[in-house]
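Trainee: Compute the structure for the input listed below.
(chains A, B and C)
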Amino acid sequence: MTLSRPVLITGLLALTLVAAIGSILFGPVHLSLARMVAAFTGHGDRIASTILLELRLPRMLLGLGVGAMLGLAGAALQGYLRNPLAEPAVLGTSNAASLGAVAALYFGLAELHPIMLPALSVLAALLSLVGLSVLAGRSESPLTLILAGIAIATLATAGVSLALNLSPNPFAAMEIMTWLLGSLENRSFDHVWIAYPCIAIGGLLLFWDGRALDALTLGEDGAQALGVDIQRTRIRLLLGTAIGVGGAVAVSGAIGFVGLIVPHLVRPLTDRSPSAILLPSAIGGAALLTFADLAVRLIDTRNELKLGVVTAFLGVPVFLIHLMRERRLW
Amino acid sequence: MVNIRLENVAVTLGNRIVVQNASTAFGPGTLTGIVGPNGAGKSTLARAMLALVPHKGLIQIDDSDVTTLPRAELAKRVAYLPQGQTLHWPLTVERLVELGRLPHLAPMSRIGEADTTAIERAMERADVLGLRDRIATELSGGERARVLLARALAVEAPALIADEPLASLDPGHQIDVMELLQSEARAGGLVIAVLHDLTMAARYCDRLVLIDSGTIIADGTPADVLTPANLKSVYGIEAKVELSGDWPTITTLGRSR
Amino acid sequence: MLALPLLALGGAALWASAPAPTTPPATKPRRIVSLNLCADQLVLALADRDQIAGVTRNATDTEMSGEAAKARGLPVLKNSAEQILAIDPDLVVGMPASRSAPMRALKGHRFNLLDLQSPDTVDQIYASIRQTAVAVGHPERGEALVARMQAALARLGKPGGGKVAAYYQRRGFMTGTGTLIDDLMQRMGLVNLAAKLDKPPLSQLSLEEMAAAQPDYLIVESATDKIADQGTEMLHHPALAGIPRISIPQAWTVCGSPAYVQAAEGMAQQLARFQDRTHAR
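Mentor: A predicted model of the protein is given here:
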């Protein structure tokens, strides 16, 4: 069921456009189409302009950017680790980045300078990835890697809970939930300026090594013999993931499963080589997260439905499919 | 045309000395088999030549020290077929063989005419044209081995090092692969094959290097290397060696006491 | 440990503890224990310092306690029945008292309990002040305090002028009608946005809805002026930038206490400042 690449990319872009438009059109306050058009052309009333340009527009941009980064990071990590279950949340990177962000925000470090928030988030993500390499070693077994990821994720989650428990903030419990389940509620353009540079740099680093990822299909020896510098590739991938995911998590909290689901959905439509799924995963991730964010707003619940809950429900079937496949091999 | 030279090469992995005192040279137009018992250091020697493991001593490819040669350059001169048929992703055969062109591709470019021709030629030589649209991970062991060989041939490097290329192949396919390696050598290539099967090694190789416990015991024509004395000391077997035609035939008689 | 055999005595002992005494005690109580922050406020305002044997953890926190200065140096209680038993108080004040955890553990004991109700209007605040003053043996102080409060409030007038205001907390929680905050807003002559939108006493309003509603004023807790977490970050979103803010310390509004007057005065001052600016334009 391979689609030609132009068709695939165009289709995904169209899907993303639909998600983006929906994200602007729908929200808690109903705005008539006429008012929306007026706001976008500059003649709108103050309320409509505020809602569309200061609330819905940054939210949509973040849904696209964070989703793209998570999709791309998942695809790149799966390619590099030769493991179809790898993605930033499973490996504990997202939770570690949350820990960095929480430390910055709740211990007053973010007040020193706005850059402290994404910087600490990125640093924590980087440390977690280095920790993962040390724990999992050179093992190519999927099991070792997943176990190491669980260890890191658990440690980071405990760290977040501890940090918030110790902080002088009496509302800590609610905040913990937001950081560990993810949310794009109440974001402003300030958050867009924090996240987008990190996502751009991270994305660039991850796209760079498409060919190296393909060569790794043959194993590390085979890839090196084809001219791939494994050390440089590894550094670029770790940095790219840490910077991109760190920047994204700093504004959205830890959203899981996007990096897991999207490459899986996209892979059967490509020639299945790791480099081929990078761009489609980025675009698909943008679409998926924006749709999920739209669902969060349209599904009316008493308490705000968290993004991570929606993506988790979408992600569990992917694990189950893998489980079924593995069981058949026994 | 390419030459590989080893001078006093030693390789230590962990705490073990795997290869020591290895000095020899390889030239174009020859199919050399590296043989020896399990754990002798055959694969390690091959990997050292590709700078995949650190080594002491000198390894030169065309008078350039292999440790200073940039990987991309090394990849164009020596193609490698690793042991074990590793294949992580379910690529189509054609896409897989295309990977062999990576050393020749400029950073942001797509494959060109020359690349397509090389891929076709490689697939034809390895006799996998009929499999081009199949998923590589779904092939039988023998088919997979030929596809991976095609990938190595697609590099079109003047040298080829194949590590255990006959593993999991039927006798017929084993012959196909050995004949292919032989014809590459005849056409002027420098071909080194790490082999487990002495019969195949004796039959097809122009030259054999016999390694035991990391040391080169013998180096020469199959008839010179595969003597009953060597077979006894290295493999611990009593064997009769007969020269029929151009290559020696080994008949194993039993364990040596 | 002691509580277990005591609990076995049964529920009858619970009903033996009387609600608020209406006649002053024969002697002034010398060991008064307060069970929660709001009770602390009243006890600290009305009793002598040497009468107080224990206040709660938050009493000295200036963020949360209006009488924080007075509480400094006084013994602080944990939520422990043992501690209370050891003090052997002759008056226990709580808002509520009988249903609080330490008291339930001490069901078998007879204590002189003052059970106050959480006030939702200023008249209810006056009632609890009077009750407490009587219980601690200084009824005249209670009357004086009420009189001062009434005079101060009378001076304020209705600076709100019928404008619409919303009491907006972290994470978008908004206070509705039937609450002390609502009483305060009405006293100022402000219309509660929650009443306009027909919302319950506590509800959540998204930024979009708040931006659409465009109240004339936002009333926020002064602790939220600093961004310390996502809940407070939301209150600083550009979408709310155009709405003038009135900032009141939580210590004045969290309890129905004499600090109500300070809250009212603070609000009136800030309202007046905004109106001067509008008139100056």
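
Trainee: How about C:L85, nearest residue that isn't a chain neighbour?
Mentor: C:L106 (6.6 Å; CB to CB, 6 or more residues apart in numbering or on different chains). All C-beta atoms are positioned from the backbone trio N, CA, C, and that covers glycine.

Trainee: Run a quick neighbour tally on the one you found.
Mentor: C:L106 has 21 neighbours, counted by other CB atoms under 10 Å in any protein chain shown.

Trainee: for it, phi and psi?
Mentor: Main-chain torsions, C:L106, degrees, to the nearest 10: phi -110, psi 30.

Trainee: Ok, B:I250 next?
Mentor: The phi and psi values for B:I250, taken as degrees, to the nearest 10, are phi -100, psi 130.

Trainee: again, but for B:L210
Mentor: The phi/psi pair for B:L210 (degrees, to the nearest 10) is phi -100, psi 120.

Trainee: Can you pull out the low-pLDDT segments for the stretch 1-150 of chain A?
Mentor: Per-residue confidence for the stretch 1-150 of chain A (pLDDT under 70) gives these ranges: A:1, A:138-142.

Trainee: picking up where we left off before, roughly how far apart are the residue nearest to C:L85 and C:C38?
Mentor: 21 Å (CB to CB, to the nearest Å).

Trainee: just A:A292 next, same as before
Mentor: 43 Å.

Trainee: for A:L204, same thing?
Mentor: 57 Å.

Trainee: Who has more neighbours out of those two?
Mentor: Counted by other CB under 10 Å, A:L204 and C:C38 do not tie: C:C38 has more neighbours, with 23 against 13.

Trainee: Just give the closest residue to that one, not the sequence neighbours.
Mentor: C:C255 (3.7 Å).

Trainee: Who are the contact partners of the one you found?
Mentor: C:37-38, C:41, C:66, C:95 (CB atoms under 8 Å, 6 or more residues apart in numbering or on different chains).

Trainee: Please repeat the previous calculation with a cut-off of 7 Å.
Mentor: Applying CB atoms under 7 Å, 6 or more residues apart in numbering or on different chains, we find C:C255 in contact with C:37-38, C:41.

Trainee: before we move on, what about A:G219?
Mentor: Counting by CB under 7 Å, 6+ apart, A:G219 has contacts B:82, B:86.

Trainee: Local confidence estimate at it?
Mentor: Confidence at A:G219, expressed as pLDDT, is 90.

Trainee: What of A:E326?
Mentor: pLDDT for A:E326: 68.

Trainee: likewise B:L195?
Mentor: In this prediction, B:L195 carries a pLDDT score of 95.

Trainee: wait, what's in contact with it?
Mentor: Here B:L195 is in contact with B:33, B:35, B:166, B:201 (CB under 7 Å, 6+ apart).

Trainee: so what's the third one closest to, chain neighbours aside?
Mentor: The one in question is B:L166. In space, B:L166 is closest to B:Q174, 4.7 Å off (CB to CB, 6+ apart).

Trainee: Also the last one?
Mentor: Nearest in space to B:A201, with sequence neighbours left out and distances taken as CB to CB, 6+ apart, is B:G33 at 4.1 Å.

Trainee: Quick check: A:H264 touching A:V318?
Mentor: Yes: using CB atoms under 7 Å, A:H264 is in contact with A:V318, at 5.5 Å.

Trainee: Give me the more crowded residue out of these two.
Mentor: Taking other CB under 10 Å, A:H264 and A:V318 do not tie; A:H264 has more neighbours (22 against 19).

Trainee: List the contacts of that one.
Mentor: A:V318.

Trainee: Please report the distance of the residue of the stretch 101-250 of chain B at minimum distance from chain C from A:L279.
Mentor: For the stretch 101-250 of chain B, the residue closest to chain C is B:M108, as judged by CB to the nearest CB, at 40.4 Å. From B:M108 over to A:L279 the distance is 14 Å, taken as CB to CB.

Trainee: quick one, helices of the stretch 101-250 of chain C?
Mentor: Here the stretch 101-250 of chain C has its helices, by DSSP state H, counting those that start in this stretch, at C:101-105, C:122-135, C:139-156, C:180-187, C:193-196, C:207-213, C:230-234, C:250-253.
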